[in-house]
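This is a predicted model, with the sequence first.
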Amino acid sequence: MSTIYDTPEHEALRDQIARFIAREVEPHAAAWEEQGFVPREVLRRMGQAGLFGLMYEEAYGGAGADAMTNLVFAEALSQSTFAGFIITVLVHTDMASPHLHHAGTPAQKEKYLRKVIAGELVTAVGITEPGAGSDVAGIRTSARREGDEWVINGTKMFITNGVHANVYFVAAKTGPGKREISMFIVEKGTPGFTVGRALKKTGWLSSDTAELILDNVRVPAANLLGEEGKGFYSVMKNFQTERIALAAMAVGHCQQALRHTLDYVRQRQAFGGVLWEQQTIRQRLSMLDARTRAARQFMYHCAWRVTQGHDIVQDVSMLKALTGELVNEVVQTCQQFHGGMGYIRETAIERLWRDARVLAIGGGATEVMLEEVAKRY
């Protein structure tokens, strides 16, 4: 579905991703749900196809595109009904590696960014902790300088790509101030850095999610990412990209739930006819489709405002709250209209129902988002 912001390049990107999903994802993703992660060779093929560096510098293999193109990518990716695959990719492209893109030194980018864009290195971001989620300033992980090294101690929780990533961007307190947080590059295999456990989730089954333990992890001073003590602001800046991507996931889930449900109610026989003949079903689906289309236009408007250099924190907070709640209403209603089949594993609508729930929680819970909106009036 086109928007007023589209270009021929956007349509070509949508087509490229649709072909990739049809060829590389949909036939295999049910098996990934069983094994609990997306095979890294699939991600390498995405990198080789030029899909992992859309917003990054051409000098490192990126495409140098804008936020609108990045949204097209996220929304096209979200036409898959396997959200574990989607979030595996979006954490790499929109939530973790942007820290390197925004704050990395030329030496850091030369060392890591080319391989990140090529899909040779998969990234994760370590911010959330057992006692600190949306409240980033509440993290307890600490880092202290010792000579030419930083020593990091703490625990991270709910880290997507946490089991199988190669490079992690980790937030840690580096001073007494509540917001004196710094970001660090930590490579897998660094002594003291371990996966505490792989976490079992209700949804997003093909995304590997982990608890991370940092026990006197020593990294070179050169692994400080950005300015010392300024990591809090880096995290806040990147939240806007992350939340637009999560909104794209929510809108994509709405679109797919409605598509599957419209197909189902047009052929499902009940009470002497098909369900589509029931006025209440037709009208409910029509309204949910209208609200989904409205949310989609707001989402594109937010991305356009990014390209114009506007402050979008309030808009994106509204968008995240709106789409996180909307997707749960849409998917639950669509599941209801599937009857018993909507509760059977391996059906797309049951999977969408499981996967949608976290979109009102992760990346900023609805209540947190609404507070961000309210304090900017």
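Received it, and whenever you're ready, just let me know what you need. Because the structure is predicted, anything quoted here is derived from the model rather than measured. Residues are numbered from 1 along each chain as shown.

Mean confidence (pLDDT) on the helix or strand containing residue 356, please.
Using DSSP states H and E, the element containing residue 356 is helix 348-356. On average, the pLDDT along helix 348-356 is 97.

Please name every helix or strand in contact with that helix.
helix 83-90, helix 231-267, helix 313-337 (3 or more Cβ pairs under 8 Å, 6 or more residues apart in numbering; DSSP states H and E). Any C-beta I mention is one placed from the backbone N, CA and C, and that applies to glycine too.

Try it again at 6 Å.
helix 231-267, helix 313-337 (3 or more Cβ pairs under 6 Å, 6 or more residues apart in numbering; DSSP states H and E).

Looking at these, which is nearest to residue 41?
Closest to residue 41 of the helices and strands packed on helix 348-356 is helix 231-267 (Cβ to Cβ; 23.3 Å).

Quick one: work out the angle between that closest one and helix 348-356.
Interaxial angle of helix 231-267 relative to helix 348-356 (axes from the mean of the first three to the mean of the last three Cα atoms, to 10 degrees): 160 degrees.

picking that back up, would TSV of the helices and strands packed on helix 348-356 with mean neighbour count be doable?
Below are these laid out as TSV (neighbours: other Cβ atoms under 10 Å):
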stretch	mean neighbour count
helix 231-267	22
helix 313-337	22
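
I'd like to know which of the ones you listed is closest to residue 372.
helix 313-337 (3.9 Å).

what does the average pLDDT come to for that closest one?
The average pLDDT for helix 313-337 rounds to 97.

Does anything pack onto that helix? Which helices or strands?
Under the contact rule (3+ Cβ pairs under 6 Å, 6+ apart), helix 313-337 is packed against helix 231-267, helix 279-307, helix 348-356, helix 366-374.

So which of these is nearest residue 7?
The stretch from those with the least distance to residue 7 (Cβ to Cβ) is helix 279-307; that distance is 12.0 Å.

Can you spell out which helices and strands pack onto the closest one?
Counting contacts by 3+ Cβ pairs under 6 Å, 6+ apart, helix 279-307 is packed against helix 67-77, helix 231-267, helix 313-337.

That helix vs helix 231-267, what angle?
Comparing the axes of helix 279-307 and helix 231-267 via the same axes, to 10 degrees yields an angle of 150 degrees.

Enumerate the positions of helix 279-307 that are buried.
281, 284-285, 288-289, 292, 295-296, 298-300, 302-304, 306 (16 or more other Cβ atoms under 10 Å).

Turn the helices and strands packed on helix 348-356 into JSON lines, columns for distance to residue 128.
Below are the helices and strands packed on helix 348-356 laid out as JSON lines (distance: least, Cβ to Cβ, whole Å):
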{"stretch": "helix 231-267", "distance to residue 128": "11"}
{"stretch": "helix 313-337", "distance to residue 128": "16"}
